[in-house]
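> Fold the stuff below for me.
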Amino acid sequence: MKRVVSQFRKKPLAQLIFASLCAAGAQVSHAQTSGDLGSVQSTANWSAADGSGANNPQSAPAQAPTQGSLTTTQPKSIISRHYIENSTAPTSNYTDILQIAPSVSNVDPNGPGLMESQSLSIRGFQDGQYNVTFDGIPFGDSNDFTHHSTSFFSSQSLGDMSVDRGPGDASQIGFATFGGTIGLTSKAMSDKPAFNVAGSYGSFNTWLGSAEFNSGDMKQWGDARILFGYNQIGSDGYLTNAHLSRKNAYFKLEKPIGDNTLVTLFATYSRIHQNVPVGATAAQIQQFGPDFGLSTDPTSQAYYGYNFDRINTDFEYLGIQTKFGEWSIDNKLYTYGYYHNGFNGADPNGETPNGTNFGANNVPGQEMNNNYRAVGDVLNAERKLGPGKLKTGLWITRQTNFRNNFNVDDSLNFAFQSLNFTMNDTLQTFEPYAQYAWNLGHGLTLTPGVKFVSFNRSIDTPLNQKSGTALDYSHTWTKFLPSLTVHERITPDWSAYAQYAQGFLAPNLNVFYVQDPSISGQPNPEQTNNYQIGTTYKTGRLTLAADVYYIDFLNAVTKRTVGSNTTFSNAGGAIYKGIETEATVYAGDGFSLYGNLTFNSAKQKDTGSWMPNAPRQTAAAGLIYQHGPLYGSLITKFVGRQFGDTGDTQPIGAFAVTNLAAVYTIKHLAPWTHDTRIGLQVDNLFNRTSIDALAGYTAADNTPLYWTVPGRSIIATLATSF
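Residues are numbered from 1 along each chain as shown. Model prediction:
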């Protein structure tokens with residue numbers, strides 16, 4: 001202990017961060033009383049450089065649901081494949097898994113993985129304001145940078161995950177890095193052959209079947225490895241008549257070439273059919289219960305047969321990691337596609353009477369298509385240079401998108417009535433960057449960097465959305481984004497960091513939904529100045545991370561959904577600030593205690609009103625046990641009070657949800673098997689079903705619509721490896 005204290009006294013950055021954390025804690029405590037404060041890398045191999053005990057199952061790093069990183073230069077929480085397999089439902093989307101992390105909250109009204117996430121918030125930033133990457137490749141819708149959590153990837157195809165809460169250094173590329181980055185990784189491949197099969201069944205008539213083949217090292221093919229998997233989910237859903245069917249196949253090939261090159265080929269394909277509720281009014285919840293979703297009455301606009309999506313997606317990349325002279329190069333050429341055919345009743349909440357051009361009692365509805373294809377390349381290169389390391393790279397992508405929407409007669413098998421809009425649009429993104437990690441000695445690294453971002457939007461439409469006129473127009477937004485990070489490795493088990501970075505987000509496509517954008521002018525992009533400091537400590541007994549952040553948010557855009565239309569408005573400036581902590585303590589005899597606690601504030605500068613969907617606190621607490629063949633976890637997630645709309649309207653009360661998981665592993669149940677796992681997952685153990693989010697407003701009378709916490713669900717799993 002004397003050695004650590006002695007080194008601490010020599011570390012100015014560590015002393016500054018420690019003092020700041022203490023001061024921030026005091027400020028947050030007082031603010032709560034006064035009411036004022038209410039480059040993504042795979043983590044598969046993070047343990048070697050990230051503290052002791054990670055490979056020992058009887059340790060805090062191995063059992064931690066989330067943990068910081070000793071090498072990070074901004075607040076970051078890592079979620080391991082171990083936690084995903086043992087403590088989350090096998091049907092879960094990545095959004096369900098990530099909600100355990102500090103400052104993260106998620107709304108999934110239909111049960112784990114059984115519906116697209118309706119709101120995943122990070123520090124109050126909403127989907128479209130932060131980035132999501134897969135193996136370092138950014139992806140998302142071009143019109144508003146949002147994501148579809150049921151599409152592209154199943155939890156069976158994913159490896160570790162991470163949540164970077166901030167814009168990162170210059171190398172962190174993406175559509176919307178200024179609100180943070182969710183980093184998804186493909187599953188790590190084994191050097192030994194294996195064949196795994198699993199089956200699950202549980203509440204809401206939910207079932208899942210999966211199979212996965214891992215070739216291991218194939219000596220006859222130059223040590224190539226192949227991974228192939230398939231899984232299929234079916235469920236009636238927690239909400240009435242909100243059915244889901246999802247099929248997902250994935251493939252991964254790794255082939256070394258010589259001593260310095262690794263080629264990776266990845267592909268995944270998904271097919272989804274889902275019935276989609278739009279939320280329920282308070283009267284509907286009171287009359288029909290919190291699980292009200294869709295109707296079985298074909299004369300109703302809420303009939304499940306009129307409200308559904310058919311979605312097909314694919315995601316592929318070819319990656320090359322190699323050395324060229326002094327340079328280490330990582331390049332990924334990729335493409336992904338999203339094809340969505342959606343149907344909905346004109347007013348599923350019953351405030352608009354029936355009637356179409358074909359009959360006074362016929363059921364009116366809408367049909368839409370949203371089809372896009374993205375092609376791009378991510379290049380990263382680094383080399384040692386002088387007393388540090390130079391890193392540079394480039395991300396370039398082009399996404400083409402076709403969208404239309406038209407009125408139909410649901411009673412006549414969706415017979416066409418009239419066209420609402422049709423358009424073709426493109427998004428071209430160009431982001432080069434450079435940064436230099438300057439090793440100053442004594443474990444201290446200073447990294448200045450700069451990134452240039454260029455977003456070009458174009459639209460070509462004979463019938464534009466909202467304006468109803470023809471338009472052929474394009475516009476480009478550009479900016480240089482500087483960053484500066486300081487990282488200090490105080491001891492092998494302890495690090496600290498400080499960061500300044502600018503964030504930038506190009507406006508959504510909706511800014512073109514006017515008669516003449518060249519006359520009306522283009523709005524200023526959303527921008528942030530981010531300041532954060534933090535520290536991480538890791539041993540076999542303890543993982544601990546804490547940080548303080550302050551974000552000056554310019555041109556904060558909020559949205560309001562009325563019926564099927566979403567409008568956006570500029571809330572002006574806002575200040576986001578808070579303190580975040582997470583820790584896991586290994587107590588011995590296989591037991592670990594886990595907890596995280598955050599105090600967050602997100603308020604408009606002019607009015608002092610809270611930004612929508614920004615909880616004042618989040619917290620988690622849990623007990624984890626792993627010893628021999630038995631694994632168990634009991635974890636509660638708490639989400640504090642928030643508002644569903646601007647002006648401190650539509651208050652949403654605090655709530656807590658507790659999940660229970662247990663897994664028992666049997667070695668060699670039969671001579672031809674390896675591990676056989678029997679698992680049980682109980683989500684929402686105490687059946688809390690309160691309102692947890694505003695879903696929007698009805699089209700006719702602006703009646704508020706709500707989501708509720710899905711009721712208790714139980715799912716059992718049997719999995720065997722051969």
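
> For the rest of this, base every contact and every neighbour count on C-alpha atoms.
Fine.

> the strands in the stretch 1-150 of the chain, which residues?
76-79, 104-107, 119-122, 131-134, 137-138 (DSSP state E, counting those that start in this stretch).

> Nearest to R712, out of these?
With C-alpha to C-alpha, the closest approach to R712 among those belongs to strand 104-107: 14.9 Å.

> before we move on, back to that, looking at the strands of the stretch 1-150 of the chain, which is closest to N407?
strand 119-122 (27.5 Å).

> Export only the CA atoms of the closest one, formatted as CSV.
What follows is strand 119-122, C-alpha atoms only, in CSV (Å, rounded to 0.1, in the frame of the first residue of the first chain):
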residue,chain,number,x,y,z
SER,A,119,-35.7,4.1,-26.6
LEU,A,120,-32.1,3.3,-25.7
SER,A,121,-30.7,6.3,-23.8
ILE,A,122,-27.1,7.0,-22.9
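
> which residues sit against that strand?
With contact meaning C-alpha atoms under 8 Å, 6 or more residues apart in numbering, strand 119-122 is reached by 95, 99, 103-108, 126-127, 165, 179-180, 613-614.

> mean confidence for it?
The average pLDDT within strand 119-122 is 96.

> Over to N362: give its phi and psi.
Torsion angles at N362 (phi, psi; degrees, to the nearest 10) stand at phi -70, psi 150.

> what's the closest non-adjacent residue to it?
Counting by C-alpha to C-alpha, 6 or more residues apart in numbering, G355 is the residue found nearest to N362 once chain neighbours are left out, at 4.9 Å.

> now swap in T581 and tell me
Of all residues not flanking T581 in the chain, A546 sits nearest, at 4.3 Å (C-alpha to C-alpha, 6+ apart).

> Just give the strands next to the helix or strand hosting the one you found in its sheet, each with its orientation.
Assessed by DSSP states H and E, A546 sits inside strand 542-554. According to DSSP bridges, strand 542-554 forms sheet pairs with strand 526-538 (antiparallel), strand 574-588 (antiparallel).

> just checking, which of those sits deepest inside the structure?
Among those, strand 526-538 has the highest mean neighbour count (mean count of other C-alpha atoms under 10 Å), at a mean of 24.

> Now do the strands in the stretch 401-550 of the chain.
Using DSSP E, counting those that start in this stretch, strands in the stretch 401-550 of the chain cover 415-441, 444-463, 471-491, 494-505, 526-538, 542-554.

> could you dump the ones you listed to a markdown table with distance to G68 and mean pLDDT?
Shown next, in a markdown table, are those (distance: least, C-alpha to C-alpha, whole Å; pLDDT from 0 to 100):
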| stretch | distance to G68 | mean pLDDT |
| --- | --- | --- |
| strand 415-441 | 21 | 97 |
| strand 444-463 | 18 | 97 |
| strand 471-491 | 14 | 96 |
| strand 494-505 | 10 | 95 |
| strand 526-538 | 6 | 95 |
| strand 542-554 | 6 | 96 |
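
> Make JSON lines from the ones you listed and add distance to K187 to it.
Listed next are these as JSON lines, based on distance: least, C-alpha to C-alpha, whole Å:
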{"stretch": "strand 415-441", "distance to K187": "27"}
{"stretch": "strand 444-463", "distance to K187": "30"}
{"stretch": "strand 471-491", "distance to K187": "29"}
{"stretch": "strand 494-505", "distance to K187": "28"}
{"stretch": "strand 526-538", "distance to K187": "25"}
{"stretch": "strand 542-554", "distance to K187": "24"}
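
> Confirm that L669 sits in a strand.
No. Assigned with DSSP: H, G, I helix; E, B strand; the rest coil, L669 falls outside any strand and is coil.

> What does the pLDDT read for it?
Reported pLDDT for L669: 85.

> how far away is it from G111?
32 Å (C-alpha to C-alpha, to the nearest Å).

> Comparing the two, which residue is more hemmed in?
More crowded of L669 and G111, by other C-alpha atoms under 10 Å: G111, with 26 against 13.

> Look up phi and psi at the more buried one.
Backbone torsions of G111, given as degrees, to the nearest 10, read phi 110, psi 160.

> Could you give the number of residues near the residue nearest to T581?
24.

> which residues does it form a beta bridge with?
Per DSSP bridges, the residues bridged to A546 are T535, T581.

> I figured it was touching G534, is that so?
Yes. In this structure, A546 is within contact of G534 by C-alpha atoms under 8 Å, at 5.5 Å.

> For the stretch 201-350 of the chain, give me the ranges with low pLDDT.
For the stretch 201-350 of the chain, applying pLDDT under 70 flags no range at all.

> Show me the helices in it, by range?
Listed in chain order, the helices found in the stretch 201-350 of the chain under DSSP state H, counting those that start in this stretch are 282-288.
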